[in-house]
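Q: please find the sequence and the predicted model below.
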Amino acid sequence: MFLSPEAKKYRRVCSQLLLSTALKQIQSLDPSRVYRLELEFFLKAVVNKGWPATAKSRYKRIDLSNRIKLLEDVIKDATQIDDCQHFELLVSKRQANVPGEERVEVRLTPLEEDTWLEQP
């Protein structure tokens, strides 16, 4: 995956931040397990101010797909849990209540053994 210099810096800084704020939780992760990854994006604005008068859509076009992959790589760098071990993925987009408090909340939850197998 090609990363711009800005994305590389973001990846490095976020990995360090994750390690510094969640080291105890990271150390408790089992690298042999599979996980549910929850990413909750709190964004500056998700609604177009000009809708319906001038904007075509009520909601801003905020593509999360590339951000998800970048965050999966950040999580791998910090936790050694590869994204191939994310068997469930939940992504939410929210508007931050307070300007300047944009963020992503990350939850990595181990799944029970074999719950990911198709049931007969």
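A: Received, thanks. Numbering: from 1, shown residues only.
Q: got the phi/psi numbers for L29?
A: phi -70, psi 140 (degrees, to the nearest 10).
Q: from L111, how far out is it?
A: 12 Å (Cβ to Cβ, to the nearest Å). In this view, the C-beta of every residue, glycine as well, is placed from N, C-alpha and C.
Q: more neighbours: which of those two?
A: L29 (18 against 15; other Cβ atoms under 10 Å).
Q: surely the more buried one meets R107?
A: No: between L29 and R107 there is no contact under Cβ atoms under 8 Å: 12.0 Å.
Q: for the chain, which segments count as helices?
A: Taking DSSP state H to define them, one finds helices in the chain at 5-27, 65-79.
Q: the closest residue to W116 other than its chain neighbours - how many residues pack around it?
A: Spatial nearest neighbour of W116, chain neighbours left out: F87 (4.6 Å); criterion: Cβ to Cβ, 6 or more residues apart in numbering. The tally of other residues near F87 (other Cβ under 10 Å) stands at 13.
Q: for F87, give me its contacts.
A: V34, Y35, R36, L111, W116 (Cβ atoms under 8 Å, 6 or more residues apart in numbering).
Q: distance to Q95 and pLDDT added to the residues you listed, as TSV?
A: TSV is the format used below for the contacts of F87 (distance: Cβ to Cβ, whole Å; pLDDT from 0 to 100):
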residue	distance to Q95	pLDDT
V34	32	94
Y35	27	95
R36	24	96
L111	30	94
W116	32	79
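Q: which of those sits closest to L17?
A: Ranked by distance to L17 (Cβ to Cβ), the contacts of F87 are led by Y35 at 19.7 Å.
Q: tell me what the closest residue to the closest one other than its chain neighbours is bridged to.
A: In space, Y35 comes closest to L108 once its chain neighbours are excluded; the distance is 5.2 Å by Cβ to Cβ, 6+ apart. L108 has the following beta-bridge partners by DSSP bridges: L37.
Q: measure L108 to S4 for me?
A: To S4, L108 is 26 Å away according to Cβ to Cβ.
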